[in-house]
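Enquirer: Sequence and predicted model, in that order:
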Amino acid sequence: MSERNSAAAAVTIRPLGLEQSAAATRLWEEAGLTRPWNPPAEDFARAVGGETSAVLGAFDGDELVGTAMVGHDGHRGWIYYLAVAETRRGSGLGRQLNDAAEEWMRERGVPKVQLMVRSTNAGVVDFYERLGYEDGEVVVLGKWLR
């Protein structure tokens, strides 16, 4: 993925490596995206170590100010952990990260992108609807294999 720069938000977006795990997971915790039963550092390590996944980071200089985890199964792409530092919210950085995640999918020939939002997070649903996402009218079921 090529680096992306934006004068508007003054950030560079690029894939992260394992060395950025602590900074990324701290940002996810500050954004309220983590849950005790789902260790974020393990999610991060799986994503950056996978052949069909990555964690994109938005940097203002050396400071990590946003992330988006991306992955795909060849047909459907997924966006997780789209997080923006509190000081940068409302700046358009969330849209930039989403655009970078979608570009990552396009570069890999993925035709559809999906994401999950907790039903209690109405503000985030509104954000994604403004970006063109629609309710897929599906129920997501899950089962832990641990």
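Expert: Perfect, thanks for sending it.
Enquirer: residue ranges with poor pLDDT in this protein?
Expert: Low-confidence segments of the chain, defined by pLDDT under 70: 1-9.
Enquirer: tell me what the top helix by length along it is packed against?
Expert: Assignment by DSSP state H gives helix 93-107 as the longest helix of the chain. For helix 93-107, the elements it packs on are strand 4-6, strand 11-15, strand 53-60, strand 63-72, strand 76-84, strand 112-115, judged by 3 or more Cβ pairs under 8 Å, 6 or more residues apart in numbering; DSSP states H and E. C-beta: built from backbone N, CA, C; applies to glycine.
Enquirer: Report the inter-axis angle for that helix versus strand 63-72.
Expert: 40 degrees (axes from the mean of the first three to the mean of the last three Cα atoms, to 10 degrees).
Enquirer: Need the CA coordinates for helix 93-107. CSV is fine.
Expert: The C-alpha coordinates for helix 93-107 follow below in CSV (Å, rounded to 0.1, in the frame of the first residue of the first chain):
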residue,chain,number,x,y,z
LEU,A,93,-9.4,11.6,10.0
GLY,A,94,-12.0,8.8,10.5
ARG,A,95,-13.1,9.3,6.9
GLN,A,96,-9.5,9.2,5.7
LEU,A,97,-8.8,6.0,7.6
ASN,A,98,-12.0,4.4,6.2
ASP,A,99,-11.0,5.6,2.7
ALA,A,100,-7.5,4.0,3.2
ALA,A,101,-9.1,0.8,4.4
GLU,A,102,-11.4,0.7,1.3
GLU,A,103,-8.3,1.4,-0.9
TRP,A,104,-6.5,-1.5,0.7
MET,A,105,-9.4,-3.7,-0.2
ARG,A,106,-9.6,-2.4,-3.8
GLU,A,107,-5.9,-3.1,-4.3
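Enquirer: mind listing what's buried in it?
Expert: Residues of helix 93-107 classed as buried by neighbour count (16 or more other Cβ atoms under 10 Å): 93-105.
Enquirer: any chance of those in JSON lines, with distance to residue 133 too?
Expert: Formatted as JSON lines, these follow (distance: Cβ to Cβ, whole Å):
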{"residue": "93", "distance to residue 133": "17"}
{"residue": "94", "distance to residue 133": "13"}
{"residue": "95", "distance to residue 133": "12"}
{"residue": "96", "distance to residue 133": "16"}
{"residue": "97", "distance to residue 133": "14"}
{"residue": "98", "distance to residue 133": "9"}
{"residue": "99", "distance to residue 133": "13"}
{"residue": "100", "distance to residue 133": "16"}
{"residue": "101", "distance to residue 133": "12"}
{"residue": "102", "distance to residue 133": "10"}
{"residue": "103", "distance to residue 133": "16"}
{"residue": "104", "distance to residue 133": "16"}
{"residue": "105", "distance to residue 133": "13"}
